[in-house]
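Student: quick check, what structure comes out for this input:
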Amino acid sequence: MLAIECKFTEPYSGDIAKKNRLVDSCFLHKNGQNKELWGDKELRGCQNVAQQLREEELCYHHLDAAQLLKHMLGLANSKNNQPKHYGKWEILYLWFDSTGKAAEHHKQEIDEFIKAVGNDDGVVGDGGKIRAMTYQNLFKRLPKKLGDSHKEYQAYREYLAQRYFPEN
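Tutor: Numbers count the residues shown, from 1 in each chain. Predicted coordinates:
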């Protein structure tokens with residue numbers, strides 16, 4: 001199962017607190033006992049990051065870490081409802097790489113987040129994976145993947161390339 005989280009300009013604007021906020025129900029049962037939503041799904045790295053966000057030991061300025069954590073939890077939960085061959089899941093963080101310090105900081109946050117929730121290969125828990133790709137990289141790779149097929153999309157691809165990626 002593949003999920004794609006697309007970001008264009010969102011990382012460079014918006015409410016920083018929202019990008020780091022997870023509601024208390026992610027951590028406490030109604031009776032006040034602690035719960036580990038991510039830990040219960042073998043997502044230990046995600047649980048650690050979630051706890052650090054909750055305790056304000058960690059703060060992302062560009063990456064919406066809370067949203068990614070919730071998506072990964074949803075993917076881990078959904079694999080239990082799928083046939084056995086669907087047990088693996090992956091989330092791709094697709095983002096627009098701009099110029100300047102904000103874009104550099106965003107890239108650094110992405111790399112740090114991936115390492116914090118998984119291993120160097122992006123493996124998260126049992127059966128999950130996270131990776132990141134820029135729109136620029138996607139558009140460079142797309143013509144090679146399509147080859148001579150899908151000629152009807154070539155004009156649209158060229159329009160997008162001229163509009164958003166003139167240096168490519």
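Student: low-confidence ranges, the chain, go.
Tutor: Segments of the chain classed as low confidence (criterion: pLDDT under 70) are 30, 79-87, 145-151, 167-168.
Student: any idea how far residue 125 is from the residue located most distally from the centre of the chain?
Tutor: Residue farthest from the centre of the chain, counting by C-alpha atoms, centre = their mean, is residue 31 at 31.9 Å. Distance of residue 31 to residue 125, computed by C-beta to C-beta, to the nearest Å: 27 Å. All C-beta atoms are positioned from the backbone trio N, CA, C, and that covers glycine.
Student: do the same with residue 137
Tutor: For residue 137, the distance to residue 125 (C-beta to C-beta) stands at 26 Å.
Student: who has more neighbours, those two?
Tutor: The residue with more neighbours, out of residue 137 and residue 125, is residue 125; 20 against 13, by other C-beta atoms under 10 Å.
Student: mind listing what that one touches?
Tutor: The contact partners of residue 125, by C-beta atoms under 8 Å, 6 or more residues apart in numbering, come to 41-46, 76, 118.
Student: show me where the protein has helices.
Tutor: Taking DSSP state H as the criterion, the chain contains helices spanning 16-20, 44-54, 65-78, 101-117, 135-146, 154-164.
Student: out of everything not next to it in sequence, what's closest to residue 61?
Tutor: Residue nearest to residue 61 in three dimensions, not counting chain neighbours: residue 16, with 5.5 Å by C-beta to C-beta, 6 or more residues apart in numbering.
Student: so residue 161 touches residue 139, yeah?
Tutor: Yes. Proximity of residue 161 to residue 139 meets the contact threshold set by C-beta atoms under 8 Å, at 6.1 Å.
Student: give me the number of residues near the closest residue to residue 68 other than its chain neighbours?
Tutor: Leaving aside its sequence neighbours, residue 68 sits nearest to residue 5 (C-beta to C-beta, 6+ apart; 6.5 Å). By the criterion of other C-beta under 10 Å, residue 5 has 16 neighbours.
Student: hang on, residue 5 packs against residue 72?
Tutor: No. Contact criterion C-beta under 8 Å: residue 5 and residue 72 do not qualify, at 9.8 Å.
Student: what's the overlap in contacts for those two?
Tutor: residue 91.
Student: for stretch 28-45, how far is the first residue from the last?
Tutor: Distance between the two ends of stretch 28-45: 19 Å, counting by C-alpha to C-alpha, to the nearest Å.
Student: outside of it, which residues touch it?
Tutor: By C-beta under 8 Å, 6+ apart, the residues outside stretch 28-45 that reach it are 26-27, 46-47, 50, 69, 72-73, 76-77, 116-118, 124-126, 128.
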